[in-house]
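# Provided below for reference: sequence and predicted model.
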Amino acid sequence: MKSNIIQKIIFFFLLVFCINDLNAINRDSLLKRIDTTTNDKTRINAYLKLGRSYLRTDMPKTFEYFTKAKELAEKNNYSLQYVYCLADLALYYRLTDDYVESRKLFTRSLELVKKENDENLVADIYEDYANFFRKLGVYDTALIYMRKALTINEKLKDTRSCISCLANLGTIYTDREDFTNSLFYYQKSLALSKTINAPELSGVALVGIGIVYGSKGELKPAIENFKSALSYYEKAEDYPMIATCLSNISTASMLLKDYKTAIDIGLKTADLYIRLNNKSSLADSYCNLADIYIKTGNEKNAISYAEKGLNIAEQIKNKDHLKYAYEVMAYVYSQTKNYEKAYSFQSKYVELLKTVYNEQKLKQIQELEAKYQNESKQKEIEVQEEKLKNKDLVILQQKRINVSIVIGLILISGLAVFAIINYRQKKRSNVILSLQKSIVEEKQKEILDSINYAKRIQQASLPSEKYIERSMKDLKSNTN
């Protein structure tokens, strides 16, 4: 039973990403809004919220509200709201194990959403589609779609959605028993959740980390992480997640043979699931209690809780829960040495296991066909994307050439303007220099004329050299 219990820990965790916080949604106010509003888009959104609030707890109501939303979207030809309805119905069919219808609706919603140019919705559908493939056990395809969702959310800088995708990647790797990668993505999710103060998302990552440790048999660190997550959800009064944390702590405590703690917490978990009207989880909770009680030697309580779990599993007609209930019943009766009943339930378990196995093989065959179709479409998309990429590259190159030409023309024009300005300045300087030269030459002429004039006057006033020489001779002769 130990390996099966570890699987049950993982099973509880797989509910984490689909459980809605019922306290966060006031169903009465949504119904009132539907009755009072005249806006059909508002009514569609309210129907979808109501449907999501009943996921896993009341699937017929989920289907009822999703269908009403779809009919209203079709009636008004609201294309975007119609895609939301298809995606939610695809999720409904996945959770009710109708994989053929689920795949058909997911494929259709992906085809339509690309016409709406709503990347947020594309990312949401990719994320849900990834979980569809994870449920089928086609983990490689699940990883491809989850990473596509993560890439879009990173581009849109949608931190909350990135945190969700990282945690879902951790879940896929946990299912593959690749615990190194699962721990890596859970820790990334936890670190990112702390950057935006999102305690509820931190709790999801902590539960995932606890699952990894529990799956590896490291039960004490597993319980520590479950308790850390529990503290977040208790503050937020998020009862579905409180129940999930308690269930995992109870199971891990049982594996540590701390039966008293396992029973006390297991009973609290069952009470919470009753309050939440979550029958599927309640069935498993009762079976877990039966497993704990039989280990303590309390055969009466073990049989009582095993029968309660079986009755609920038969009511909801879910094969996974019914299979687990048969297995627990067979184990309990084998421990009480009632081998006839133990054999009877073991036979039912094996028969159901064969049915599930055959269904899974059929699903795998269908999935191979779907994978082939998806790959073919993906190749077509890649070819178109490559053509668009090349076209964009040509346009980009042409833009660069045009920009270069414009810049060249601007530079040439600048140089021409500079040359004209420089020419005009030089011409103006030459005119000024020529004028200055004329003035200088005129002044110089005036000065020369003045000098010559003075010289003539001076020559006219002074006696000539011959006169002076003759006078000197006369004076000399007289003296003798």
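Received it, and whenever you're ready, just let me know what you need. Numbers count the residues shown, from 1 in each chain.
# Okay, now the unreliable bits of this structure?
Residues of the chain meeting the criterion pLDDT under 70: 1-25, 57, 356-394, 413-414, 416-419, 422-424, 426-480.
# if you go through the stretch 301-450 of the chain in chain order, where are the helices?
319-335, 339-461 (DSSP state H, counting those that start in this stretch).
# tally of neighbours for Y213?
20 (other Cβ atoms under 10 Å). Yep, even glycine has a C-beta here, placed from its N, CA and C like the rest.
# excluding its backbone neighbours, what's nearest it?
In space, and not counting its chain neighbours, Y213 is closest to A222: 3.9 Å by Cβ to Cβ, 6 or more residues apart in numbering.
# was I right about I316 contacting A283?
Yes: the criterion here is Cβ atoms under 8 Å, and I316 meets it with A283 at 7.0 Å.
# out of the two, which sits in the more crowded spot?
Of the pair I316 and A283, A283 is the one with more neighbours under other Cβ under 10 Å, namely 26 against 14.
# Does the more buried one fall in a helix, a strand, or a coil region?
What DSSP: H, G, I helix; E, B strand; the rest coil gives for A283 is helix.
# Skip the chain neighbours and tell me the closest residue to F132.
The nearest residue in space to F132 (Cβ to Cβ, 6+ apart) is R94, at 5.1 Å.
# now do L30
A46 (4.6 Å).
# from memory that neighbour sits against K32, does it?
No: assessed by Cβ under 8 Å, A46 is found out of contact with K32, at 9.2 Å.
# The two: who's more crowded?
A46 (22 against 12).
# Remind me which helix or strand the more buried one belongs to.
helix 40-53 (DSSP states H and E).
# Which residues are in contact with T159?
By Cβ atoms under 8 Å, 6 or more residues apart in numbering, the contact set of T159 is 192, 195-196.
# Let me know the closest of these to I249.
I249 lies nearest to L192 out of the contacts of T159, by Cβ to Cβ, at 25.2 Å.
# gap between that closest one and S202?
Distance, L192 to S202, using Cβ to Cβ, to the nearest Å: 9 Å.
# Repeat that for L267.
Using Cβ to Cβ, one gets 27 Å for the distance from L267 to S202.
# S161 too?
Taking Cβ to Cβ, one finds S161 at 15 Å from S202.
# Also T251?
If you measure T251 against S202 using Cβ to Cβ, the figure is 22 Å.
# which residues sit in contact with the residue nearest to F132?
R94 makes contacts with 102, 128, 131-132, 135, as judged by Cβ under 8 Å, 6+ apart.
# I'd guessed N301 sits against Y293; true?
Yes: between N301 and Y293 a contact is recorded at 4.2 Å, counting by Cβ under 8 Å.
# who's more crowded, those two?
The neighbour count for N301 versus Y293, taken as other Cβ under 10 Å, is higher for Y293 (23 against 15).
# residues in contact with the residue nearest to L30?
Contacts of A46 (Cβ under 8 Å, 6+ apart): 30-31, 33-34, 37.
# Drop anything exposed from these.
For the contacts of A46, a burial check counting by 16 or more other Cβ atoms under 10 Å picks out 30, 33-34.
# Those residues in strands, which ones?
Among the buried ones among the contacts of A46, DSSP state E puts none in strands.
# In JSON lines: those residues, plus distance to S228.
Supplementary listing: these in JSON lines, determined by distance: Cβ to Cβ, whole Å:
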{"residue": "L30", "distance to S228": "33"}
{"residue": "R33", "distance to S228": "37"}
{"residue": "I34", "distance to S228": "39"}
